[in-house]
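**Q** I'll drop the sequence and a predicted model, then ask my questions.
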Amino acid sequence: QVQLVESGGGLVQPGGSLRLSCAASGRTFSSYGMGWFRQAPGKEREFVAAISWSGGTTYYADSVKGRFTISRDDAKNTLYLQMNSLKPEDTAVYYCAATHQIWAITTTTRDYDYWGQGTQVTVSS
């Protein structure tokens, strides 16, 4: 089992940047596939980015491709999401999640076994 705690959210102007972090407890962080999801008010939770257990494979939603970068530091048990060129439509609560499914990257919320509590990102002038 793993516990996840996100941080790094906040208010940023359009075009700005933020880096989200997700600290994981437990000694098996490196054995999980990891992902970032987001949920805006009145909308369903949607996939943002995912990274394989090895860190060698990443995958992004089309809406963030080229602007966001997912990475992991297994020595620090931490997952990151670097967000650049932020847009108002990126406003949402961002969640990190861990999955036991390591044979392929998954973008489906139901495939993820553990979730953090979320961190608010607001992009507004």
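**A** All right, it came through fine.
**Q** C-alpha from now on. contacts and neighbour counts both.
**A** Noted.
**Q** Quick check: the residue sitting nearest the centre point of the chain vs Thr109, distance?
**A** Taking Cα atoms, centre = their mean, the centroid of the chain lies closest to Trp36, which sits 2.2 Å from it. In this view, Trp36 and Thr109 are 10 Å apart by Cα to Cα, to the nearest Å.
**Q** In three-state terms, label Arg110 for me.
**A** When the structure is split into helix, strand and coil by DSSP: H, G, I helix; E, B strand; the rest coil, Arg110 lands in helix.
**Q** What distance do you get for it to Asp73?
**A** From Arg110 over to Asp73 (counting by Cα to Cα), the distance is 25 Å.
**Q** next one: Asp113
**A** Asp113 is 20 Å from Asp73, where distance means Cα to Cα.
**Q** where does the protein dip in pLDDT?
**A** Low-confidence segments of the chain, defined by pLDDT under 70, are absent; every residue clears the threshold.
**Q** before we move on, back to that, ok, the residue nearest to the centre of the chain touching Ala98?
**A** No: using Cα atoms under 8 Å as the test, Trp36 is too far from Ala98 to be in contact (9.1 Å).
**Q** Confirm for me that Gly33 is in contact with Thr99.
**A** Yes: counting by Cα under 8 Å, a contact exists between Gly33 and Thr99, whose distance comes to 5.1 Å.
**Q** so how many other residues sit close to Cys96?
**A** The number of residues packed around Cys96, counting by other Cα atoms under 10 Å, is 30.
**Q** I meant Glu46, not that one.
**A** Glu46 is surrounded by 17 other residues when neighbours are defined as other Cα under 10 Å.
**Q** Understood, closing this out.
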